[in-house]
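**Student:** Have a look; sequence and predicted model below, questions after that.
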Amino acid sequence: MYYPLLKNSNNEMRALRELKDESRNKLIPIIESKRIKRTNVQNWEASFRTLGKFLKERVKNTKFIYDFNCALEELGEEEPLTSSTTGENLVQHCLGKMQDEELDLIPCFQHDSPDWLIHAVLQSSYEEIAIRIRCHDFQESFNRFVVQKLMSDLESVSGNNEVTIILDFFDQPTTLRRLQNAIEDFSRIHHKEIVYLATACPDNASGADPHSLTMIGPRTEFSTFLELKVQYPDLRFGDYTTRLKGEVLTGFNHYNSYVKIFYSTETDYWIAKSKLIGDDGEFTFYEVCQELVDQDFYPGSDFSFGDGEIQKCADDKITIGDHQTPIAIGVNHHIETTIAQLSSFPPVLSTLER
């Protein structure tokens with residue numbers, strides 16, 4: 001099972017919607033809640049008015065993890081966000097929206113989420129929950145304190161929740177020993193699955209040449225997972241796909257930017273990058289896509305929705321001239337590529353079977 005981390009945004013959700021039907025039972029996406037802007041905190045409910053219907057159209061019947069804590073990233077709210085009309089807090093409100101559409105979800109909190117958010121997840125009616133532990137934000141010596149805190153949180157409610165533990169190392173370089181110690185330490189928490197989540201995808205395309213296809217770096221997060229898998233055969237894999245993680249710049253000039261597709265092979269990250277849009281980059285980008293489809297690693301237009309769009313552009317049948325469509329293309333191809341890689345492994349016996 002594969003656990004890609006996705007923003008609840010139009011094009012990352014489009015990438016999910018366009019997956020092949022046979023791929024849908026091979027992943028459990030981790031979907032981050034929309035952020036509540038500080039300027040909109042008094043009207044936060046409006047941000048989630050169509051949450052259930054939006055996800056239903058894109059996620060369909062795929063089981064997914066929903067990370068509530070991301071809603072608060074710009075706020076740092078310790079006090080509960082409560083509906084002025086129903087009295088429900090954020091978690092209860094959003095769960096209701098998703099339950100209305102009969103979505104198959106696993107609610108998630110982070111290791112340092114506010115107490116009210118943690119309790120709302122634990123006190124929901126869901127037998128399965130997830131905990132995202134941002135290991136990249138604290139030193140290894142804090143592992144035992146985080147473990148103790150989480151075990152106390154879980155013991156505070158009655159019931160036997162099945163827990164998926166997500167060990168998030170983001171893009172931070174770390175040693176194999178630290179990863180092993182994290183897996184050992186957090187395995188003390190009674191769990192169903194442990195997921196190693198990381199990325200080596202660059203957060204911008206500055207290292208790629210204009211009007212070219214550039215190999216930008218290896219997929220070290222996947223090779224690291226393969227090393228860990230030898231010692232921990234039950235370990236699951238997750239990554240940040242190919243999404244850009246940089247902040248949106250103020251005063252952004254569309255014409256002084258590039259069309260960029262972040263493209264994954266089984267071992268590396270590549271970037272297809274146009275000329276400046278102001279220099280007709282969108283109208284000559286088909287030449288870069290032609291270079292991509294001519295590579296030995298290009299799997300063909302039928303491999304994924306993303307690869308089909310790249311082939312259309314290479315054939316000059318469509319023009320890709322914005323910054324959003326390439327996200328859907330790159331993320332969709334990456335997910336299909338990773339599912340194919342993980343599906344090629346022989347089945348592993350569970351701990352109970354060994």
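**Tutor:** Done, it's in.
**Student:** For residue 263, give me its contacts.
**Tutor:** 213, 242, 269-272, 292, 310, 330, 333 (C-beta atoms under 8 Å, 6 or more residues apart in numbering). All C-beta atoms are positioned from the backbone trio N, CA, C, and that covers glycine.
**Student:** Dihedrals phi and psi, residue 25?
**Tutor:** Main-chain dihedrals, residue 25, degrees, to the nearest 10: phi -90, psi 10.
**Student:** can you count the residues close to it?
**Tutor:** Other residues lying near residue 25 total 11 when counted by other C-beta atoms under 10 Å.
**Student:** How about residue 184?
**Tutor:** 12.
**Student:** Could you say which helix or strand holds residue 4?
**Tutor:** If you go by DSSP states H and E, residue 4 is part of strand 2-7.
**Student:** helices or strands next to that strand in the packing?
**Tutor:** Secondary-structure packing of strand 2-7 (3 or more C-beta pairs under 8 Å, 6 or more residues apart in numbering; DSSP states H and E): helix 10-17, strand 30-32, strand 193-198, strand 236-239, helix 325-343.
**Student:** Just put these in JSON lines and tack on mean neighbour count, distance to residue 206 and mean pLDDT.
**Tutor:** Formatted as JSON lines, those follow (neighbours: other C-beta atoms under 10 Å; distance: least, C-beta to C-beta, whole Å; pLDDT from 0 to 100):
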{"stretch": "helix 10-17", "mean neighbour count": "21", "distance to residue 206": "21", "mean pLDDT": "95"}
{"stretch": "strand 30-32", "mean neighbour count": "24", "distance to residue 206": "25", "mean pLDDT": "97"}
{"stretch": "strand 193-198", "mean neighbour count": "22", "distance to residue 206": "21", "mean pLDDT": "97"}
{"stretch": "strand 236-239", "mean neighbour count": "23", "distance to residue 206": "21", "mean pLDDT": "98"}
{"stretch": "helix 325-343", "mean neighbour count": "23", "distance to residue 206": "16", "mean pLDDT": "96"}
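**Student:** Dump these to CSV, plus distance to residue 133.
**Tutor:** Output for these, formatted as CSV (distance: least, C-beta to C-beta, whole Å):
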stretch, distance to residue 133
helix 10-17, 22
strand 30-32, 13
strand 193-198, 9
strand 236-239, 12
helix 325-343, 22
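**Student:** Distance-wise, check the closest residue to residue 291 other than its chain neighbours relative to residue 314.
**Tutor:** Distances taken as C-beta to C-beta, 6 or more residues apart in numbering put residue 213 closest to residue 291, at 4.8 Å, once the chain neighbours are dropped. Distance of residue 213 to residue 314, given as C-beta to C-beta, to the nearest Å: 11 Å.
**Student:** In space, what's closest to residue 55 - neighbours in sequence excluded?
**Tutor:** With C-beta to C-beta, 6+ apart, the residue lying closest to residue 55 is residue 103, at 5.9 Å.
**Student:** Around residue 211, how many other residues sit close by?
**Tutor:** Count around residue 211 with other C-beta under 10 Å applied: 17.
**Student:** Likewise for the one 3 residues further on?
**Tutor:** Residue 214: 16 surrounding residues under other C-beta under 10 Å.
**Student:** Am I right that it falls within a helix?
**Tutor:** No - Residue 214 is assigned strand when assessed by DSSP: H, G, I helix; E, B strand; the rest coil, not a helix.
**Student:** quick one: low-confidence parts of the stretch 201-350 of the chain?
**Tutor:** Applying pLDDT under 70 to the stretch 201-350 of the chain flags the ranges 244-255, 346-350.
**Student:** All the helices of it, residue numbers only.
**Tutor:** Along the stretch 201-350 of the chain, the segments classed as helices by DSSP state H, counting those that start in this stretch run 220-231, 281-293, 305-314, 325-343.
**Student:** For the third one, give me every contacting residue.
**Tutor:** The set of residues external to helix 305-314 that reach it, using C-beta under 8 Å, 6+ apart, is 15, 18-19, 261, 263, 272, 285-286, 289-290, 292-293, 298-302, 318-320, 325, 328-334, 336.
**Student:** How about stretch 271-287?
**Tutor:** 202, 205, 207-214, 216, 254-263, 288-289, 291-292, 310, 313-316, 319-321.
**Student:** For residue 188, which non-adjacent residue is spatially closest?
**Tutor:** Closest residue to residue 188 apart from its sequence neighbours, by C-beta to C-beta, 6+ apart: residue 147 at 5.6 Å.
**Student:** Can you get me a residue count around residue 187?
**Tutor:** Residue 187 is flanked by 14 other residues according to other C-beta under 10 Å.
**Student:** Contacts only, for it.
**Tutor:** Contacts of residue 187 by C-beta under 8 Å, 6+ apart are residue 194.
**Student:** rerun at 10 Å
**Tutor:** Each residue near residue 187 by C-beta atoms under 10 Å, 6 or more residues apart in numbering is listed here: 147, 165, 194, 232, 234.
**Student:** Is it possible to get CSV of these that adds distance to residue 114?
**Tutor:** Listed next are these as CSV, based on distance: C-beta to C-beta, whole Å:
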residue, distance to residue 114
147, 19
165, 20
194, 24
232, 31
234, 31
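**Student:** Going by distance to residue 92, which of the residues you listed wins?
**Tutor:** residue 165 (23.9 Å; C-beta to C-beta).
**Student:** quick one, strands of the stretch 151-300 of the chain?
**Tutor:** 162-168, 193-198, 212-218, 236-239, 258-264, 268-276 (DSSP state E, counting those that start in this stretch).
**Student:** so which of those gets nearest residue 179?
**Tutor:** Nearest to residue 179 among the strands of the stretch 151-300 of the chain is strand 193-198; the distance by C-beta to C-beta comes to 7.1 Å.
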